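Peer 1: quick one, fold the following:
(2 chains)
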Amino acid sequence: MDTKRRFFERVQVDDRPPGVLKHVIILILFSSIIIIPYAWLFTSAMTTRDGSFTLENWSFLWQEIELKRGQYLPPAYKPLLSSLMFATIMAVCVIVTAVPAAYAFSRTKFVGRRFMARMLVVLDAFPSVALLISFIILLSKMGLVNKLIGVIFLKVAMYLPGAIWLMKGFFDHVNWDMEWAAIVDGASRFKTFYKVIVPAAKPGILVILVNSFLSGWGEYILINLFMRGNSSTMSSFIGAMMDREDGRFIVSGGVLAAACICYIIPVIIGFVCTQKTLLQVKQGGSKQ
Amino acid sequence: MIRLENVGKSYDGGKSYAIRNINLTIEKGDFVALLGPSGCGKSTTLMMLCGLYRPTEGNIYFNGKYMNNVLPKDRNIGMVFQSYALYPNMSVYKNIAFPLTQMKSLSKEEIDEKVNYIAKVVKIEGLLKRMPSQISGGQQQRVAMCRALVKNPQILLLDEPMSNLDARLKLEIRDEIKKVQEELGLTAIIVTHDQEEAMAMSSHIAVIDQGALQQYAKPDELYNRPNNLFVASFIGNPPMNFVDGTFAKAGSSYICKTIGGTIEISTSIVDADGLTSDEVVLGIRPHTFDLVDSRDNVLSLETQYIEHLGKENLYKCRLGNTNVRVITPANILKPVEEKLFVRPRPESICIFDKKTQKLISKR
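Peer 2: Just a heads-up that it's a prediction; the model follows:
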């Protein structure tokens, strides 16, 4: 009895009831379901086929990998950069289009506004997979097959309705008073937009920026459909790595694991960044 | 200095009006309150004065100049919004300097001088480096006032500036606004639903209800001679008592018969030509009753309970279906069981035509 109490007193800072140990154990058990696969992934990336520690697996970043029948995968930095470029261009296109569009929806009156706003919601829910055939026809007519820019074009178009709707919601929450104050103070409409409204809606813009980036980073279907070759972006690169010969993977599990880690890192960074900013919504100087 | 001529605003092409037929003349240095219940159109009027809304009918003149289409920034006004509308991503200093930076004709030193000057007048010099989220509500309100005043406007517009503050702070800010207005020689127009605030601060009050101007006058005139039942019931706390009655001529004077008794009214008070029928409403303020012992020319009331307020006693009485409040000095106390016999002071009584709701008594 005494030793138990002493243990608790040493471990815990404040006076908590002893039952908390049970809760901690349960939490560890449940989170291990998530943690263990990641731990497995990280350790795989560091081991050879025999099980010894190595950093060789990471050489795929600058070296070619041999697949069966003399096919080679290019060094991984190429598809990594491709993915990066793809995701960035998509994010920029989405922001540059969605933010002003959402502002117009939120603040201005125009013919067809209500109808278009409803269509935004409908299009947001629309599955892009259903349009694959029309995509093929569209891109081939435009001569954009096998060009990343064509896929970016499609991705941005499918992503915009949701982005505009989300951003419109953020703009709606910015008090009209702030714009009125800026107009009375003599700022032009444009200045009001980027000096006053955009900073006030910054969390929304950041969310859309990060989410559209991640959406582009994770795109697999459209890229594999329209790009020839198997390593235009990181997603198809990893897909190509999973080639088999005689029922076994050609590429060692360690290399695959290392490639997956490369692929995951931006997602984790993006997630952490969005979390912090979303929780920091500043509403000072605008009492309702 | 400011003149509104038949100003009106409709949002649906004339089918309904937020505000209509507003005629006001405001002199330089006046402190005018636009007073009325929620939704009456007072904020709309202020917005039209500000230039953010355009009147659909009528004309607005500042110093004789036609202003309907002039942009807010060219009107030489400052506006304080109900929510203060400070820019959250800029420091207090930058917030106040913002109107000046939009003018593009001032140097940094000039801007600095003006900002510091106005911050001193409103007493927030110590807060200039802080962000709006780091200061209290009352301080935010002062920053909003600074921003409105930094360009040295002639007219200050305030949209319910004190509705977000607690009672103590309200009184403090009320004095501040009044002081600043007098010190800088501004013409101020304030929108409020609080009649006490309006009565305390303004030189003139425009009472508005349901989009129509009810009365525009000095506070004591609104208190003693309200134009109609709405103004009479809105101004004054505790509110005026209303007793239905029948009006008739009796010899050389008039009498008014109510459930609680008959009151004599001298002809000098009433202009009977304004009557559409003999049904009237007597308006008597709680403070203007005399407690008497005689039984004629009195109203007899049944006391329900008495509130001892320290400085006075408030009798809550019942006359037929209506509640009547009587206030007496603290030393006069009548027991609850006895009927209360009161006579309204003739110079303070107001008589309204029941149908038109307009005042027919004059003084």
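Peer 1: neighbours around residue 265, how many?
Peer 2: Going with chain A. 10 (other CB atoms under 10 Å in any protein chain shown). Quick note: C-beta positions are derived from backbone N, CA and C, even for glycine.
Peer 1: that answer is for a different chain, and I need it for chain B
Peer 2: Using other CB under 10 Å, B:Ile265 is surrounded by 23 other residues.
Peer 1: can you list the domain ranges for chain B.
Peer 2: Using automatic domain parsing, the domains assigned to chain B come out as B:2-234, B:241-353.
Peer 1: report the contact partners of A:Ala259.
Peer 2: A:Ala259 sits next to A:60, A:76, A:234, A:237-238, A:241 when contact means CB atoms under 8 Å, 6 or more residues apart in numbering or on different chains.
Peer 1: check which helix or strand it maps to.
Peer 2: According to DSSP states H and E, A:Ala259 maps onto helix A:253-278.
Peer 1: so B:Val115, which of the three states?
Peer 2: With DSSP: H, G, I helix; E, B strand; the rest coil as the basis, B:Val115 sits in helix.
Peer 1: can you count the residues close to it?
Peer 2: Counted by other CB under 10 Å, the residues lying close to B:Val115 total 23.
Peer 1: what does the one 10 residues further on give?
Peer 2: Burial measure for B:Glu125: 13 neighbouring residues, criterion other CB under 10 Å.
Peer 1: could I get the domains of chain B as TSV with mean pLDDT and distance to chain A?
Peer 2: Formatted as TSV, those follow (pLDDT from 0 to 100; distance: least, CB to the nearest CB, whole Å):
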stretch	mean pLDDT	distance to chain A
domain B:2-234	90	2
domain B:241-353	84	34
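Peer 1: need those in CSV with distance to A:Val94, can you?
Peer 2: Below are those laid out as CSV (distance: least, CB to CB, whole Å):
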stretch, distance to A:Val94
domain B:2-234, 23
domain B:241-353, 64
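Peer 1: for these, which one sits closest to A:Phe171?
Peer 2: A:Phe171 lies closest to domain B:2-234 among these, at 14.7 Å (CB to CB).
Peer 1: how far does the closest one stretch from start to finish?
Peer 2: Across its full length, domain B:2-234 reaches 26 Å between end residues, using CA to CA, to the nearest Å.
Peer 1: quick one: residues contacting B:Met145.
Peer 2: Contact analysis of B:Met145 by CB under 8 Å, 6+ apart lists B:80, B:122, B:161, B:177, B:180.
Peer 1: that one: what secondary structure?
Peer 2: Here B:Met145 is recorded as helix under three-state DSSP.
Peer 1: just to revisit the earlier point, can you say which of the domains of chain B is packed in most?
Peer 2: Across those, averaging neighbours per residue (mean count of other CB atoms under 10 Å in any protein chain shown) puts domain B:2-234 on top, at a mean of 19.
Peer 1: take the contacts of B:Met145 and keep only those in helices.
Peer 2: Among those, DSSP state H puts B:177, B:180 in helices.
Peer 1: most widely separated two among the contacts of B:Met145?
Peer 2: Of all pairs in those, the most separated under CB to CB is B:Val122 and B:Pro161 at 12.6 Å.
Peer 1: phi, psi for the nearest residue to A:Glu179 once chain neighbours are set aside please.
Peer 2: What sits nearest to A:Glu179 in space, not counting adjacent residues and going by CB to CB, 6 or more residues apart in numbering or on different chains, is A:Thr192, at 5.3 Å. Torsion angles at A:Thr192 (phi, psi; degrees, to the nearest 10) stand at phi -60, psi -40.
Peer 1: which residues touch A:Thr192?
Peer 2: A:179, A:182-183.
Peer 1: chain A: strands as residue ranges?
Peer 2: Ranges of strands in chain A, per DSSP state E, are A:65-66, A:72-73, A:244-245, A:248-249.
Peer 1: can you check the stretch 51-200 of chain B too?
Peer 2: Secondary structure of the stretch 51-200 of chain B (DSSP state E, counting those that start in this stretch): strands at B:57-62, B:65-66, B:77-80, B:155-159, B:187-192.
Peer 1: swap in the stretch 201-350 of chain B?
Peer 2: Using DSSP E, counting those that start in this stretch, the strands of the stretch 201-350 of chain B run over B:204-209, B:212-217, B:241-250, B:253-258, B:261-265, B:279-284, B:289-291, B:299-308, B:312-319, B:322-329, B:339-344, B:350-353.
Peer 1: now distance to A:Leu21 too, for those strands, in a markdown table please.
Peer 2: Shown next, in a markdown table, are the strands of the stretch 201-350 of chain B (distance: least, CB to CB, whole Å):
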| stretch | distance to A:Leu21 |
| --- | --- |
| strand B:204-209 | 67 |
| strand B:212-217 | 72 |
| strand B:241-250 | 71 |
| strand B:253-258 | 80 |
| strand B:261-265 | 82 |
| strand B:279-284 | 75 |
| strand B:289-291 | 75 |
| strand B:299-308 | 61 |
| strand B:312-319 | 64 |
| strand B:322-329 | 66 |
| strand B:339-344 | 74 |
| strand B:350-353 | 78 |
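Peer 1: quick one: closest of the strands of chain A to B:Asp30.
Peer 2: Across the strands of chain A, closest to B:Asp30 is strand A:72-73 (CB to CB), at 82.2 Å.
Peer 1: and the residue nearest to A:Trp62 when sequence neighbours are not counted, how many neighbours?
Peer 2: Distances taken as CB to CB, 6+ apart place A:Pro75 nearest to A:Trp62, at 4.9 Å, with adjacent residues excluded. Neighbour count for A:Pro75, taken as other CB under 10 Å: 16.
Peer 1: could you do the one 4 residues further on as well?
Peer 2: With neighbours defined by other CB under 10 Å, the count for A:Pro79 comes to 26.
Peer 1: list the contacts for the residue lying closest to it once chain neighbours are set aside?
Peer 2: Nearest residue to A:Pro79 in three dimensions, chain neighbours excluded: A:Phe237, at 4.0 Å (CB to CB, 6+ apart). Going by CB under 8 Å, 6+ apart, A:Phe237 touches A:73, A:76, A:79, A:230-231, A:259.
Peer 1: can you show me the helices along the stretch 101-250 of chain A?
Peer 2: A:113-124, A:132-142, A:148-173, A:176-184, A:189-191, A:198-200, A:202-217, A:221-226, A:234-241 (DSSP state H, counting those that start in this stretch).
Peer 1: which residues sit against the first one?
Peer 2: Read it as helix A:113-124. Counting by CB under 8 Å, 6+ apart, residues outside helix A:113-124 touching it are A:105, A:161-162, A:164-165, A:168.
Peer 1: repeat the analysis, applying 10 Å as the threshold.
Peer 2: Contact partners of helix A:113-124, identified using CB atoms under 10 Å, 6 or more residues apart in numbering or on different chains, comprise A:101-102, A:104-106, A:110, A:112, A:157-166, A:168.
Peer 1: keep only the residues you listed that also lie close to chain B.
Peer 2: Among the contacts of helix A:113-124, not one lies near chain B by CB under 10 Å from any CB of the partner chain.
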